[in-house]
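Novice: how would this look folded up:
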Amino acid sequence: MRDRQLLDKTVGVFAEQFGVEVSTDDARSAIANVAGFFAILAEWESRDETRGQPAGSTAILPTDVTVSEETPSPDPNPPVETSPKEGES
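Specialist: Numbers count the residues shown, from 1 in each chain. Purely as a prediction, here's the structure:
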């Protein structure tokens, strides 16, 4: 696919899928960001392979974190404080 076709396709995808009009500069930035993301994934996979680890085995989360039984879990639905409406107290 040629550069102009890729830009036009990207602009079309944003319009069709998200209902957002983007400029060709925005489309170019989006393409560069996606390409950069996959370049980083390829670099990580290459590092794993050179260390003799299976691809995708790099730990993303810290391994030195421990959770004790006494640690309370955060409330998944915390109460929401609202301010009184005008005229209410």
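Novice: mind checking which helix or strand of this structure has the lowest mean pLDDT?
Specialist: helix 24-50 (a mean of 91; mean pLDDT, DSSP states H and E).
Novice: Spit out the contact partners of residue 20.
Specialist: Neighbour list for residue 20: residue 14 [criterion: Cβ atoms under 8 Å, 6 or more residues apart in numbering]. Every residue, glycine included, has its C-beta placed from N, CA and C.
Novice: what's it sitting at in phi/psi?
Specialist: Dihedral pair for residue 20: phi -120, psi 130, per degrees, to the nearest 10.
Novice: Which secondary structure elements does the least confident helix or strand of the chain sit against?
Specialist: helix 3-13 (3 or more Cβ pairs under 8 Å, 6 or more residues apart in numbering; DSSP states H and E).
Novice: name the helices or strands packed onto the helix it packs on?
Specialist: Packed next to helix 3-13, using 3+ Cβ pairs under 8 Å, 6+ apart, are helix 24-50.
Novice: Direction-wise, compare the helix it packs on with helix 3-13 and give the angle.
Specialist: Counting by axes from the mean of the first three to the mean of the last three Cα atoms, to 10 degrees, helix 24-50 lies at 100 degrees to helix 3-13.
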